[in-house]
Structures are given as structure tokens and as C-alpha cells.
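A.B. asks: Fold the following for me, if possible:
(one chain, ligands or ions: 2)
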Amino acid sequence: MYILAPSILGADFSRLNQQIKAVADAGARYLHLDVMDGTFVPTLSIGMPVISAIRKCSDQFFDVHMMVMEPWRFIGELKEAGADLICVHQEACNHLDRTLHQIQNAGLKAGVALNPATPVSMLDCVLDQVDMILIMSVNPGYGSQKFIPYTLNKIRQLRRVLDERNLKVDIEVDGGVTLSNMREFLDAGANVLVSGSAVFKGDASANAHKFMEIMREYEAKEG
Ligand code: DX5
Ligand code: ZN
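C.D. replies: Ligands and ions are numbered 1, 2, ... in the order given. Below is the predicted model of the structure:
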């Protein structure tokens, strides 16, 4: 299944409700919510109050990307705020195995993210414990960056390993994904595309429709 996950970091926060509605109506099943702590990444973004506020106006799947050190501290609050999936960074967890179980025991889906320079092999031991793996295609912390080409190889490599082990795990890619390069990520084996600026800059509805059109094309190819 191919999924568009618009990142609200790229949205106009003064009309967030309207922008979220536009992408949901266009067929984006996920909403990607970037939480930053100013330590794991150099800046701050949104947290629980914003997530719980938008939970009231959206029934999309909330894909919460935790760019936060030791994210296990926030699992309960995130669930309360309306998260459906919590994605933690491998680099930010001293006890990744425990953290993944804590997320799943809370009744949520668990994802793990890898920074561009972290090899796929770091997840070898937990591949069968995760619902989604996020390959960062930029260094996390900011929207509107250009994607780092070598991350495409990581997606290919990960898809190969998952197929070999017969594991149905989603591969999400985040950072610099646009209408003109999205096919490269899909061809490499990603099936969940995060996009902030390329969806929300300009006409969010029209942009999201264009993303969805290409994703439906891939879905049709797979039959
Ligand atoms: C960056 C965030 C992304 C960001 C992507 O660290 O994790 O989700 O919003 O923005 P674009 O699509 O503009 O690169
Ligand atoms: Zn993100």
C-alpha cells in the first residue's frame, strides 16, 4: 500500500485546520507530525498541545516522528494526545528494544528512524519487531532541504533484506521528497512518502492530488 504522509512542518500554521482538511480530502491517509527537542536536533517544533488540538479536526493516521532524545519518556502523553504510530530514532534510544515494546504495549504502532549516516544494519536485530522504518533522506531538524542521494541505496538495501526475510514492514522516506523525485524513492522500495514543503507550498490540495495520482499509478502496477 502506498501512502502519502504530509508533514505539517511545511504547512501554514495560521490556517492549519484548512490545510489538513485539504490534504486529507486529496487522499493522504497519514499526517506526519515532527516533534523536536532542541537536543537531538538543533531546533524545537510542536508537542502534545498541538497534536491533541489537531486530533479533534482530523481522523487521519497520526504518524509522530520523534526527533527527541530518549523518547520513551513521552509514550503515554503521545497516546493521550492522539498518536497512532510513534517513530523513534535509533540514534536517540539507549534501549531501542525496550522502547519499541513500550510503544507496542501502549497499543500503538512502532517505527524506527535512521539518520542518513546510520547504516541499515543497525536495525538487523529489530526488523521483525517494527511496523515501519523511516529512512531519513536529509539530516533531521528542518524542512525544505535537498535530499541526499546515497539514502536511495539504503532504501534499496532495506527493501531487499525485508523481502529476503519475508517481513511486511513499511518503508517511509522523509526529507526533500518532491513531485519530481518521488518516483526515485518509490522505485527504490519506499511505500510511505513524507512531504512537507512540496505538499504545502502553494496549493496544498492540488499538490497532494498530484502526489496521490502518481502513487495510485504505482498501486495499479502492483495489481
Ligand atoms: C525534517 C522533518 C521532515 C520535514 C520534511 O527533519 O523530519 O518531516 O518536515 O520537510 P520537506 O519535505 O520540506 O523536506
Ligand atoms: Zn519528519
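
A.B. asks: The biggest helix by length in the chain vs ligand 1: in contact?
C.D. replies: In terms of residue count, the longest helix belonging to the chain (DSSP state H) is helix 204-222. No. Shown here: helix 204-222 not in contact with ligand 1 (Cβ under 6 Å from any ligand atom), separated by at least 11.2 Å. From N, CA and C alone the C-beta is placed, and that goes for glycine too.

A.B. asks: and that helix, what does it pack onto?
C.D. replies: Judged by 3 or more Cβ pairs under 8 Å, 6 or more residues apart in numbering; DSSP states H and E, the packing partners of helix 204-222 are strand 3-6, helix 16-25, helix 182-188, strand 192-195, helix 197-200.

A.B. asks: can you do 7 Å?
C.D. replies: Contacts defined by 3 or more Cβ pairs under 7 Å, 6 or more residues apart in numbering; DSSP states H and E place helix 204-222 against strand 3-6, helix 16-25, helix 182-188, helix 197-200.

A.B. asks: Near ligand 1, which residues of the chain? Just list them.
C.D. replies: The chain comes close to ligand 1 at residues 7, 9-10, 32, 34, 65, 138, 140-145, 174-177, 194-198, as judged by Cβ under 6 Å from any ligand atom.

A.B. asks: coming back round to it: mind putting the helices and strands packed on helix 204-222 in a markdown table, mean pLDDT and mean neighbour count included?
C.D. replies: As requested, those are arranged in a markdown table below (pLDDT from 0 to 100; neighbours: other Cβ atoms under 10 Å):
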| stretch | mean pLDDT | mean neighbour count |
| --- | --- | --- |
| strand 3-6 | 98 | 26 |
| helix 16-25 | 98 | 18 |
| helix 182-188 | 98 | 18 |
| helix 197-200 | 98 | 25 |
